[in-house]
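In: Give me the fold of what follows.
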Amino acid sequence: MSTSAAHHLSPAFPERAAWGTAPKLRAWQEGALAAYLERSAAGEKDFLTVATPGAGKTTYALQVATELLDRGLIREVTVVAPTEHLKHQWADAAARVGIHLNPAFANSVAVQSHEYGGVALTYAQVASRPDLHRQRTLARPTLVILDEIHHGGDAKSWGDAIREAFEPATRRLSLTGTPFRSDTSPIPFVRYEMDEQGILRSAADHSYGYAEALRDGVVRPVLFLAYGGAMRWRTKAGDEVAARLGEPMTKDAAAQAWRTALDPKGEWIPSVLRAADKRLTEVRRHVPDAGAMVIASNQTAARAYARHLEAITGEKPTVVLSDDSGASARIEEYAAATSRWLVAVRMVSEGVDVPRLCVGVYATSTSTPLFFAQAVGRFVRARRRGETASVFLPSVPVVLELAATMEAQRDHALDRPSTDDGEASLWAEEEGLLAAANRTERTLGLDEPTFEALESDAHFDHVLFDRQQFGLHAAVGSEEEQDYLGLPGLLEPDQVATLLNERQAKQSRQTRGSARHTAAPISAHRALAAQRKELNSLVAAWAKKTGAPHANVHLELRRACGGPELAQASSEQVAERIERIRRWFVGRR
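Out: Below you'll find the model as predicted:
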């Protein structure tokens, strides 16, 4: 840093003149920084960076800030974040590079000590006094960092306020790591471009997706462990209904079966928590401080889940409720400790940073892509190569689809045409559901008076990894389930795939042997049904990858393996087709 620059900055940034080294940047951060500085040198005010959760957006953004400070382009830094917790997280991170932000800045006071070089605010705080923050922005050349910029579209009034407050900024850096909204309200300071279909979509200036981050070892590969089971509930009309989670049913029945599974009085939740704790024990053999988190729908459920975990582990878990004044302190305490479990309600907002979280239980009925991406993002931050994330899910089609497509990149589309499958309406309600999840007692509430959960049980369904399914139905506590729960805690992605294929082949052989020797035909029937379900899932994934019709994929498998149509195929014939299509996915025909 030049002498003049140091003199210019020293009153507001007393330590920056003495600090000479910046944190080592990852390759994607270097590329994004270079792209930003090139645009800035051309006089561009705005830059949008989209990077997958866990990639290191905070480090990158603070490096942008230090570069602009060192060049004398700015004298103030304002960070806008979604939550109070994240304000303090940003201030702590900024302090480590010599930038002192005030996370306790109050609109009512409107002034702060000259020792600070900026402020950390929430979107709600800006929206309540945009005029105040406009005057602050006008007072000194300012860089505004808008963390998770899609919150600028939470409400039209919020977007208007952010635009009013920060329109005079010298530079603006917008960040996001999760899918945008898809209503027709433009997000402030985001550039939109027309696509081939004539739809205006947000245009990122630099993107770094999950697939790239996984390739670079920046994030962990994720194992999704799906659990189904038998559910029974009573409807509002007084009818008793029984169904198996994961099997075809109407949308309403699927929702009620899902809520029945999440009822803490049933057997599904404690069974899945025991399985997740076994997985955590295995991971901790290789990663001693590995932690786990249950994402609950509401406070009542969270406290009940915590009681189950205490009974299972003998250790009282940390419980975090977002409307509790001590929530941030408990998150920080848990992050720095080595205890096993955290139970959280609505504290899965963007950027909440607990790097040691390796195991998760998705015990909420919220099913929007935005919320799911944020939730899974809490488990993917890599600290060293070989760490994996394990997330336990209910076998609900919408959740499994989100897990299978977590690598998808989505832009904010204006005037998105409606679709037959309801995609537009789903995305239109994204932020409302997220806001409810973050700020109110109910999400898709377990307490809704539409049904009464009566009983539930659980069985292991399958593992989803890299868009492929591994495993057949297995009883909770069985050797077959343990084969998957007991995967080593440190594995490279290719090693994960190899071991899952080995477990799959072993279970398939055991299932075929059981089917040949069992005296109970229902067991063989269920095993064959599970194999057909697995084959159909693989065929669907291959069809999606190649664009070929499902029927053509089935026909090609029959030509390669022989045998009759799927409805008439034996267990051995279906298993052969499963093994054949798996080889297709890894390039071995």
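
In: Okay, strands next: where are they in the stretch 351-500 of the chain?
Out: The residue ranges that make up the strands of the stretch 351-500 of the chain, judged by DSSP state E, counting those that start in this stretch, are 357-363, 389-394, 413-414, 451-456, 459-465, 468-470, 474-475.

In: what's the angle from the first one to strand 389-394?
Out: Angle, strand 357-363 to strand 389-394, by axes from the mean of the first three to the mean of the last three CA atoms, to 10 degrees: 10 degrees.

In: Give the pairing partners of strand 357-363; include direction for each.
Out: Here strand 357-363 is paired, per DSSP bridges, with strand 291-296 (parallel), strand 389-394 (parallel).

In: Pipe these into CSV and attach mean neighbour count and mean pLDDT per row.
Out: Yep, even glycine has a C-beta here, placed from its N, CA and C like the rest. Putting these into CSV (neighbours: other CB atoms under 10 Å; pLDDT from 0 to 100) gives the following:
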stretch, mean neighbour count, mean pLDDT
strand 291-296, 28, 95
strand 389-394, 25, 96
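
In: okay, the ones you listed in JSON lines with distance to residue 266 next?
Out: Written out in JSON lines, the entries for these read as follows (distance: least, CB to CB, whole Å):
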{"stretch": "strand 291-296", "distance to residue 266": "15"}
{"stretch": "strand 389-394", "distance to residue 266": "12"}
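
In: Indicate which one of the ones you listed is closest to residue 454.
Out: strand 389-394 (17.2 Å; CB to CB).

In: CA-only coordinates of the closest one, as CSV, when you get a sec.
Out: Output for strand 389-394, consisting of C-alpha atoms alone and laid out as CSV, is shown next (Å, rounded to 0.1, in the frame of the first residue of the first chain):
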residue,chain,number,x,y,z
ALA,A,389,-21.4,-34.2,4.2
SER,A,390,-24.3,-36.6,5.1
VAL,A,391,-27.9,-35.2,5.0
PHE,A,392,-30.8,-37.4,6.1
LEU,A,393,-34.0,-36.8,4.2
PRO,A,394,-37.6,-38.1,4.2
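
In: quick one on the thing from earlier: ranking the strands of the stretch 351-500 of the chain by mean pLDDT, which is last?
Out: Looking over those, mean pLDDT reaches its minimum on strand 413-414, with a mean of 50.

In: just for this structure, where's the confidence low?
Out: Low-confidence segments of the chain (pLDDT under 70): 1-22, 153-155, 178-185, 322-324, 346-351, 407-450, 510-527, 586-589.

In: JSON lines please, covering the strands of the stretch 351-500 of the chain and showing distance to residue 241.
Out: Written out in JSON lines, the entries for the strands of the stretch 351-500 of the chain read as follows (distance: least, CB to CB, whole Å):
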{"stretch": "strand 357-363", "distance to residue 241": "22"}
{"stretch": "strand 389-394", "distance to residue 241": "17"}
{"stretch": "strand 413-414", "distance to residue 241": "38"}
{"stretch": "strand 451-456", "distance to residue 241": "8"}
{"stretch": "strand 459-465", "distance to residue 241": "19"}
{"stretch": "strand 468-470", "distance to residue 241": "27"}
{"stretch": "strand 474-475", "distance to residue 241": "24"}
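
In: Out of these, which gets nearest to residue 565?
Out: In this view, those are compared for proximity to residue 565 by CB to CB, and strand 468-470 is the closest at 21.4 Å.

In: In the sheet, which strands lie alongside the closest one, parallel or antiparallel?
Out: Strand pairing for strand 468-470, determined by DSSP bridges: strand 459-465 (antiparallel).

In: Could you export the partner strand as PDB, keeping only the C-alpha atoms?
Out: As requested, C-alpha coordinates have been extracted for strand 459-465 and formatted as PDB (Å, rounded to 0.1, in the frame of the first residue of the first chain):
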ATOM      1  CA  HIS A 459     -36.900 -47.900   7.000                       C
ATOM      2  CA  PHE A 460     -33.800 -47.000   5.000                       C
ATOM      3  CA  ASP A 461     -34.700 -46.300   1.400                       C
ATOM      4  CA  HIS A 462     -31.500 -45.400  -0.500                       C
ATOM      5  CA  VAL A 463     -28.500 -43.100  -0.700                       C
ATOM      6  CA  LEU A 464     -28.500 -40.400  -3.400                       C
ATOM      7  CA  PHE A 465     -25.000 -39.300  -4.500                       C
END
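
In: chain center to that strand, what's the gap?
Out: Strand 459-465 sits 18 Å away from the centroid of its parent chain (CA atoms, centre = their mean, to the nearest Å).

In: likewise stretch 239-248?
Out: Counting by CA atoms, centre = their mean, stretch 239-248 comes out at 28 Å from the chain centroid.

In: just stretch 561-568 next, same as before
Out: Shown here is stretch 561-568, whose average C-alpha point lies 39 Å from the average C-alpha point of the whole chain (CA atoms, centre = their mean).

In: can you check stretch 46-56 too?
Out: Offset of stretch 46-56 from its chain centre (CA atoms, centre = their mean): 14 Å.

In: how about the nearest residue to residue 303 once chain neighbours are set aside, what does it touch?
Out: Counting by CB to CB, 6 or more residues apart in numbering, residue 303 lies nearest to residue 319, which is 6.7 Å off, once chain neighbours are set aside. When the contact criterion is CB atoms under 8 Å, 6 or more residues apart in numbering, the partners of residue 319 are 302-303, 306, 330, 342-344.

In: Now residue 149: closest residue in space, sequence neighbours ignored.
Out: In this structure, residue 149 finds its nearest non-sequential neighbour in residue 174, 3.9 Å apart by CB to CB, 6+ apart.

In: Okay, and the beta partners of the one you found?
Out: In this structure, residue 174 has beta-bridge partners residue 48, residue 146, where bridges are defined by DSSP bridges.

In: Tell me if I'm right that it and residue 47 touch.
Out: Yes: contact status for residue 174 versus residue 47: in contact at 7.0 Å, counting by CB atoms under 8 Å.

In: okay, the two: which has more neighbours?
Out: Applying other CB atoms under 10 Å to residue 174 and residue 47 shows that residue 174 carries more neighbours, namely 27 against 23.

In: Can you give me the separation between that one and residue 139?
Out: 22 Å (CB to CB, to the nearest Å).

In: One more: residue 84?
Out: With distances taken as CB to CB, residue 84 is found 25 Å from residue 139.

In: repeat for residue 96
Out: Note on residue 96: its distance to residue 139, by CB to CB, is 26 Å.

In: Many thanks, we can stop here.
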